[in-house]
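>>> using only what follows, build the 3D model:
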Amino acid sequence: MKVPSNIGLVLSGGGFRGLAHIGAIKAIEEAGIFPNFVSGTSAGAIVGALYAAGNSVPGIKDFFNKTPVFKLNRFTRRKPGFLDSEKYYDDLINHFVDNTFESLEKKLFVTATDLVEGRVSVFSTGELIKPILASAAFPGVFSPVMIDGHLYSDGGILDNFPIAPIMDMCDMIIGIDVSPIRKPKITDFKHAHNVMQRAYYLRAMPNSEAKLTKCDIIIHPKKVSNHGVFNTSNLDQVFEIGYEEAKKQLDRYFENQKLY
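Presented below is the predicted three-dimensional model:
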């Protein structure tokens with residue numbers, strides 16, 4: 001089968017379940033598919049930006065394994081959130097020295113939520129790192145980010161599967177959705193962040209599910225539901241879940257192509 005020239009990759013939010021994105025990308029490239037358009041939100045924005053910058057799969061995985069999140073000096077004092085989003089700037093500047101969308105090897109779109117206007121904003125030109133930080137600023141946990149006089153938070157609040165920016169640009173679109181699909185138990189709500197996480201996805205999931213059918217290949221690894229959004233343990237296992245599910249869906253896609 002001839003692979004289209006313009007291939008889009010959509011990466012959902014999902015916290016540390018984003019490691020499944022990286023595993024899926026490994027399988028996609030092993031299948032001889034190399035996306036040149038990437039659209040991501042939240043964790044998908046971080047993975048997507050690192051991928052668009054030309055980082056290898058091991059390099060992207062290494063970033064998540066080595067970047068400390070819950071570190072004492074990253075907690076906020078006078079900002080709305082437990083962790084100060086802008087204190088992760090230095091972690092990203094090492095990977096994006098030019099700090100611009102234009103310097104990336106692939107065309108990247110990052111979405112964030114304008115908290116005042118109540119709408120999704122799409123970033124694809126100019127400064128890169130602040131939009132990434134804003135897109136990944138999970139409400140109540142990470143502080144919002146100010147960009148050009150607007151206050152932004154997690155893009156997944158209003159659109160956890162940002163396919164719209166690349167819909168008209170691509171001949172093939174691959175979507176990776178690492179959002180939870182398991183119905184929680186009452187005993188799962190042990191901490192405030194469990195409640196915030198559930199409220200977030202109750203709003204985001206119906207919006208995302210309607211868009212999945214627009215993808216040529218959708219990778220939705222169900223087993224990531226067994227791993228918490230903020231759980232930094234078993235990241236290698238999350239990576240493998242994404243890899244195995246992507247292989248299965250790619251095999252199914254290519255098999256179906258042979259039937260026509």
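>>> tell me what the strand of greatest length in the chain is packed against?
The longest strand of the chain (DSSP state E) is strand 107-114. On a contact count with 3 or more Cβ pairs under 8 Å, 6 or more residues apart in numbering; DSSP states H and E, strand 107-114 meets strand 37-41, helix 43-52, strand 119-123, helix 129-135, strand 150-154. For every residue, glycine as well, the C-beta is placed using N, CA and C.
>>> mind saving the C-alpha coords of the first one as CSV?
Output in CSV follows, covering the C-alpha atoms of strand 37-41 (Å, rounded to 0.1, in the frame of the first residue of the first chain):
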residue,chain,number,x,y,z
PHE,A,37,1.6,17.2,10.8
VAL,A,38,1.1,16.9,14.6
SER,A,39,-1.7,18.3,16.8
GLY,A,40,-1.6,17.8,20.5
THR,A,41,-3.0,19.0,23.8
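>>> now that strand against strand 107-114, angle please.
20 degrees (axes from the mean of the first three to the mean of the last three Cα atoms, to 10 degrees).
>>> how about the helices in the stretch 51-200 of the chain?
57-66, 89-93, 129-135, 192-212 (DSSP state H, counting those that start in this stretch).
>>> can you pull the buried residues of the second one?
Neighbour-count burial for helix 89-93, with 16 or more other Cβ atoms under 10 Å as criterion, is recorded at 91, 92.
>>> tell me what it is packed against?
With contacts taken as 3+ Cβ pairs under 8 Å, 6+ apart, helix 89-93 sits against helix 129-135.
>>> let me see the mean pLDDT of the helix it packs on.
What helix 129-135 shows for mean pLDDT is 98.
>>> rewinding a little: just so I know, which of the helices and strands packed on strand 107-114 lies nearest residue 23?
helix 43-52 (10.5 Å; Cβ to Cβ).
>>> what is the burial count for residue 247?
Residues within reach of residue 247, counting by other Cβ atoms under 10 Å, total 18.
>>> that one and residue 27 touch, don't they?
Yes. Counting by Cβ atoms under 8 Å, residue 247 touches residue 27, with 4.6 Å between them.
>>> measure stretch 219-226 end to end?
Chord length of stretch 219-226, first to last residue, is 17 Å (Cα to Cα, to the nearest Å).
>>> next one: that stretch to chain centre, how far?
A distance of 14 Å separates the centroid of the chain from that of stretch 219-226, by Cα atoms, centre = their mean, to the nearest Å.
>>> what's the answer for stretch 54-70, then?
In terms of Cα atoms, centre = their mean, the centre of stretch 54-70 is found 13 Å from the chain centre.
>>> can you give me the first-to-last residue distance of stretch 85-92?
Taking Cα to Cα, the first and last residues of stretch 85-92 lie 11 Å apart.
>>> now it: mean pLDDT?
Averaged across stretch 85-92, pLDDT comes to 92.
>>> what do you get for stretch 187-200?
For stretch 187-200, mean pLDDT rounds to 67.
>>> so what's the closest residue to residue 123 other than its chain neighbours up against?
Of all residues not flanking residue 123 in the chain, residue 131 sits nearest, at 3.8 Å (Cβ to Cβ, 6 or more residues apart in numbering). Residues in contact with residue 131 (Cβ atoms under 8 Å, 6 or more residues apart in numbering) are 45, 110, 112, 123, 147, 152.
>>> again, only using 10 Å
Counting by Cβ atoms under 10 Å, 6 or more residues apart in numbering, residue 131 makes contact with 45, 49, 101, 108-112, 121-125, 145, 147, 152, 155.
>>> one more: residue 133?
45-46, 84-89, 91-92, 110, 112, 142-145, 147, 152.
>>> residues contacting residue 31?
Taking Cβ under 10 Å, 6+ apart, we find residue 31 in contact with 3, 174, 217, 246, 247, 250, 251, 253, 254.
>>> let me redo that: residue 36
Contacts of residue 36 (Cβ under 10 Å, 6+ apart): 5, 6, 7, 8, 9, 52, 105, 106, 107, 169, 170.
>>> tell me the spacing between it and residue 4.
Distance from residue 36 to residue 4, counting by Cβ to Cβ, to the nearest Å: 10 Å.
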